[in-house]
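# Predicted model and sequence follow; I will ask about them next.
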Amino acid sequence: MSDRMIRLLDWLGRLPWPLAHGLGYLLGLALGALPLKGSRIADANLAVCLPHLPAWRRRLLRLRSFGHIGCIMLESRRIWRADVAGIERLVHRVQGEAVLREAIERGRGVLVVTPHLGGWEVLNQYLASRYPLTTLYRPQRGALEDHAAAGRRRLGARLVPTSAGGVRALRRALARGELVGMLPDQDISRGGAAGLFVRYFGQQAHTPVLPARLAASSGAAVVMAVARRRLGRGFDLDFSPVGGVSEAASAAAGALALNAALERVIVALPAQYWWSYPRFRRRPPGAAPIYGRDERRLSRAAAAPADSAAPRCAAPESGGTPADPSYE
């Protein structure tokens, strides 16, 4: 991304919040309506994750998901540049933060997890402004990268890479009784973040086991955090405990419990989820591809020597068909 584009995003970020969200949403709708790779991936994900919905409702979800991605494009720079008071103005309602504080008081650290849903950027800033926070971070390419990293650190968050050294830093943060933030709904298997095939939305998905291993080894509480975007206004935050991860008898069982918790919050707010991410690009041997003509290239991109010897997990099924989702 060029410096000129970054300056444009800065200018757009100064627009009144309703106008910035409106423009971002319309931009996202336009992108989602085009026959691009991201649209094909979103359609494939929705077909396997929410097969009980009619095709027209899944197409609507795809468009609305891209609309929220457009909002992220226009709001992120404003969020990264905001001070504590600015973040507080963006957060309109907080539920369940007592769960987080109680977990902190136990002194074993807290693993805060959230999917790529709603306003995960504002969630990072909100937590960093109140608690010691270390987050696992995968550096990206492009001119925006330095701005993104600086913005995420602005209110005190410590960013560590997806490497063995980063994992050690997460363990030390939990040992100090601090917060560790992770987005565990991606297939990132590098350094200490090996993965197993675990059931997720009815599929065997290559799933990182690092969150379950961290929780089990440290005794940390696991808390789900969601920042629900209120178009034109800001965000509502919700914190809730996730059971069955720290107590799991194996990393596979812990990963399965976490996947089930992710499913529940995604199904409750599907229009704000990042459906265009190729979550199922890596498939178990013999399994049919999900992304058609994009599958071979995506599978090569997903291959990582670091976990080539990781065993597969034939996990038990997680709870039944998801309920009919909300469309807000």
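Perfect, thanks for sending it.

# Read off the pLDDT value for Ala310.
Looking at Ala310, its pLDDT is 30.

# Same question for the one 3 residues further on.
pLDDT, Cys313: 31.

# repeat for Leu155
91.

# Please look at it and Ala128 and confirm they touch.
Yes: shown here, Leu155 and Ala128 form a contact pair, counting by CB atoms under 8 Å, at 4.3 Å. Any C-beta I mention is one placed from the backbone N, CA and C, and that applies to glycine too.

# Looking at the two now, which is surrounded by more residues?
Per other CB atoms under 10 Å, whichever of Leu155 and Ala128 has more neighbours is Ala128, with 23 against 20.

# Tell me where the model's unsure across the stretch 1-150 of the chain.
The stretch 1-150 of the chain contains residues with pLDDT under 70 at 1-2, 5, 140-144.

# Show me where it has its strands.
91-95, 110-113, 133-137 (DSSP state E, counting those that start in this stretch).

# Equivalent analysis for the stretch 201-328 of the chain, please.
Using DSSP E, counting those that start in this stretch, strands in the stretch 201-328 of the chain cover 203-208, 221-230, 234-241.

# among the ones you listed, which is nearest Ala255?
strand 203-208 (4.9 Å; CB to CB).

# Name every strand pairing with that closest one and say which way it goes.
Using DSSP bridges, the strands paired with strand 203-208 are strand 195-200 (antiparallel).

# ok now the strand it pairs with, how far from the chain's centre?
16 Å (CA atoms, centre = their mean, to the nearest Å).

# got the CA positions of that strand in CSV?
The C-alpha coordinates for strand 195-200 follow below in CSV (Å, rounded to 0.1, in the frame of the first residue of the first chain):
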residue,chain,number,x,y,z
GLY,A,195,-2.0,-27.6,14.5
LEU,A,196,-4.3,-30.6,14.4
PHE,A,197,-7.4,-31.5,12.3
VAL,A,198,-10.3,-30.7,14.6
ARG,A,199,-14.0,-30.4,13.9
TYR,A,200,-15.1,-26.9,13.1
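
# what about the nearest residue to Arg158 once chain neighbours are set aside, distance to Val113?
Nearest residue to Arg158, sequence neighbours excluded (CB to CB, 6 or more residues apart in numbering): Thr134, at 4.5 Å. Distance of Thr134 to Val113, computed by CB to CB, to the nearest Å: 14 Å.

# before we move on, what about Leu36?
Distance, Leu36 to Val113, using CB to CB: 30 Å.

# returning to that earlier point: mean pLDDT lowest for which of the strands of the stretch 201-328 of the chain?
strand 203-208 (a mean of 93).

# which residue ranges form the helices in the stretch 101-250 of the chain?
For the stretch 101-250 of the chain, the helices defined by DSSP state H, counting those that start in this stretch occupy 120-128, 144-153, 164-175, 210-218.

# Could you list the buried residues of the last one?
For helix 210-218, the buried set under the neighbour-count rule, 16 or more other CB atoms under 10 Å, comprises 210-216, 218.

# go on, the second one?
Applying a neighbour-count criterion of 16+ other CB under 10 Å, the buried positions in helix 144-153 are 144, 147-148, 151-153.

# Tell me which residues are up against it.
1, 6, 76-77, 79-81, 121, 124-125, 128, 135, 137, 139-140, 159 (CB atoms under 8 Å, 6 or more residues apart in numbering).

# Met182: what's it in contact with?
Taking CB under 8 Å, 6+ apart, one finds 111-113, 135-136, 210-211 in contact with Met182.

# Let me have these in a markdown table, adding distance to Pro285 as columns.
Below are the contacts of Met182 laid out as a markdown table (distance: CB to CB, whole Å):
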| residue | distance to Pro285 |
| --- | --- |
| Leu111 | 31 |
| Val112 | 34 |
| Val113 | 29 |
| Thr135 | 34 |
| Leu136 | 28 |
| Leu210 | 23 |
| Pro211 | 25 |
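
# Out of those, the closest to Arg58 would be?
Val113 (25.9 Å).

# sorry, back to before: please identify the deepest-packed of the strands of the stretch 201-328 of the chain.
A comparison of these by mean neighbour count, using mean count of other CB atoms under 10 Å, puts strand 203-208 on top with a mean of 24.

# Taking strand 133-137 as reference, get the angle to that one.
120 degrees (axes from the mean of the first three to the mean of the last three CA atoms, to 10 degrees).

# what's the spacing between strand 203-208 and its chain's center?
Distance, stretch centre to chain centre, for strand 203-208: 15 Å (CA atoms, centre = their mean).
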